[in-house]
Every structure is written in structure tokens, then in C-alpha cells.
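sequence first, predicted model second:
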Amino acid sequence: MSPGTNLGAQRLPPTREGAFSAPILPLELRDVCYEVGGARLIDGISLTIETGPRTLILGPNGAGKSLLLRLAHGLLRPSAGQVLWRNRKIAGAGRGPRRQAMVFQKPVLLRRSVRANLDHALALHRIGGEERRQRRREALQATGLSDRGDQPARSLSGGEQQRLALARAWALKPQVLFLDEPTSALDPASTRAVEEIVQALHAAGTKIVMTTHDLGQARRLADEVVFLNRGRLLEQGPADRFFTQPQSREAEAYLAGELLW
Ligand SMILES: Nc1ncnc2c1ncn2[C@@H]1O[C@H](COP(=O)(O)OP(=O)(O)OP(=O)(O)O)[C@@H](O)[C@H]1O
């Protein structure tokens, strides 16, 4: 399958029960700070992420977008403040609920086949037997990788590797998927393919929370925008409003290409 082929809708399973059971959202950050060596990199961020709209996190270089995602996902522990999933506080780094997944700018893949990468993730979630095979099949199909099962994952092209990272997320049926600049290293065709998969995941009920540098992509995908600058939350609101009537001077400058970092 060539990247850019219309993925998704017609290949999507009609229901994905795992995405809907025992809800973990809303996700709430309460006055979250993150400091390294005395520098406050995330500065008192409070926000709520609800089920539904695709949330895009925007901001200039170094604004704190990746850190915010990592704090929300549970990879980092806040220096101060709280991260709550459905009103429950998480115990520390790496302790967020399991029904959420993250896709990174550079995919982290095992030195094994495409199939084995998916099976490993499913095994970690104690999914075996026919269920594992079925989810693997579904995930490969949804990401256009059905004919790549035997190929060593690290021999895939950059775009295919990112599709495999998305296939892995797909197979786990997360309620929330965090994506940290998933297309920043990809060509336009691979970028479109990733966007279509993200769109299909959204249509299947997975909450999308994503960072990007690409304003065109943000306009294509965002329902809601969270705008950061220098570790602070400056705006959260509907994408239409953000793009046409930004509420802060900084967002206005950012949209005009005048605020780069
Ligand atoms: N472990 C760390 N030690 C020191 N500084 C850090 C650390 N991690 C991140 N930073 C700094 O914190 C700031 C925010 O980083 P972050 O990666 O979240 O920015 P970002 O908004 O994702 O930026 P970009 O768009 O350039 O990827 C940056 O200035 C970065 O250099």
C-alpha cells in the first residue's frame, strides 16, 4: 500500500469495545509544575482533557509541549501539582492507567519482525490466543501493513515504522492516545497516511491528544487547541476560535509565524 492511500473508514472494525469500557477520562492537571535543576519548565498548568474532541497541543519551540504530554501520560512525575484520571491521583512516574498509549516522534521498535512487535505489546497486556491474532490482523490492516508481518521492523521506511507504532497502539485499543510530533520526520505522503490513521482511531472512539509543529496539520486535525508558551498554558478552546480569534497576543504572533521560541 502506498502512503496516502485512503486508510481507515472502510477497513475499520465497526466497534472497538475495549475503547469504551471502564472510562478513564477526564484527565485533569491541577497546577502542574515540572522543574529540572531549578529551572521551571512547566509552570503551573491546570487543564482538563475530556472525551471526544481531538486535542492538539501547539506552541513555539521549547514551549513545553512534549513535557506536558509526558507528564499527562505518566512518563514524568510533576515536581508539584497533580495529574488525575477520572478524579484519581496517579502514584508516580510510569503509573498512569494502562488504557492509554503514546506514540513518539521517533518510533521505539524492537529488533524483531513487524508481527513480533505487535505480539510483544499484546503479550504485555496479557492478550493471547485468537484475540491476539485477531487484533494483530486488524491493526496491520488498518495501518496498511498487512503484507509486512514478517519484515524486520527496523528495516521498514520511516513512514512505515511510524505506521507500525500506530498499529501497536491500535492493537491495544487505548481510550487515550498521546502522539508527540508523530510526523515531524516524515515526507508529505507518509504524513497524510499517519493523519488518516489518527483520524480512523478518533472515529473508532480513541481520544487523540497530539503535539505538532505543523500548523496545516493542526488545522486539518484539531477540534480543540491547547496553546503553550514558555511552560505556561495560554489558551485552551475550540480550534475554530483559536485559528480565527486567538485570545492571547502570543498565540496571534505564533499564528503569524512571528513567535518561533
Ligand atoms: N531533562 C531536561 N533538562 C533540562 N531541560 C529540559 C529537559 N527536558 C526538556 N527541557 C527543556 O524544557 C523546554 C521544553 O521542552 P519540550 O521538549 O517540552 O518543548 P517542546 O514544546 O516540545 O519543543 P519543540 O517544539 O522544540 O519540540 C525546552 O527548553 C527544553 O530544552
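Cool, got the structure. Numbering: from 1, shown residues only.

pLDDT below threshold where in the protein?
1-21, 90-98, 260-261 (pLDDT under 70).

what about the helices in it?
Ranges of helices within the chain are 65-73, 114-124, 129-142, 158-172, 188-203, 215-221, 239-244, 249-255, based on DSSP state H.

switch those over to CSV; also include mean neighbour count and distance to G231.
(C-beta placed from N, C-alpha, C; glycine too.) Converted to CSV, these look like this (neighbours: other CB atoms under 10 Å; distance: least, CB to CB, whole Å):
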stretch, mean neighbour count, distance to G231
helix 65-73, 22, 8
helix 114-124, 19, 32
helix 129-142, 17, 36
helix 158-172, 25, 27
helix 188-203, 20, 26
helix 215-221, 17, 20
helix 239-244, 16, 19
helix 249-255, 17, 12
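
and the ligand, which of the ones you listed is closest to it?
The ligand sits nearest to helix 65-73 of all those, at 3.4 Å, using CB to the nearest ligand atom.

check whether the closest one comes near the ligand.
Yes - counting by CB under 6 Å from any ligand atom, the ligand is contacted by helix 65-73 at K65, S66, L67.

show me what that helix is packed up against.
strand 27-36, strand 39-49, strand 55-58, strand 100-103, strand 176-180, strand 207-211, strand 224-229 (3 or more CB pairs under 8 Å, 6 or more residues apart in numbering; DSSP states H and E).

and the chain, which residues reach the ligand?
V36, L41, G59, N61, G62, A63, G64, K65, S66, L67, H213.

what about burial for those, which qualify?
Listed as buried from those are L41, G59, A63, G64, K65, S66, L67; burial here means 16 or more other CB atoms under 10 Å.

now the third one. Nearest residue, chain neighbours left out?
Meaning A63. L228 (4.2 Å; CB to CB, 6 or more residues apart in numbering).

surely the one you found meets L56?
No - the criterion here is CB atoms under 8 Å, and L228 misses it with L56 at 11.3 Å.

any idea how far the residue nearest to A63 is from R220?
L228 is 20 Å from R220, where distance means CB to CB, to the nearest Å.

right, so of the helices and strands packed on helix 65-73, which gets closest to V83?
strand 27-36 (5.7 Å; CB to CB).

show me what that closest one is packed up against.
Going by 3+ CB pairs under 8 Å, 6+ apart, strand 27-36 lies up against strand 39-49, helix 65-73, strand 80-85.

with distance to V209 as added columns, please give those in a markdown table.
As requested, the helices and strands packed on strand 27-36 are exported to a markdown table (distance: least, CB to CB, whole Å):
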| stretch | distance to V209 |
| --- | --- |
| strand 39-49 | 6 |
| helix 65-73 | 7 |
| strand 80-85 | 13 |
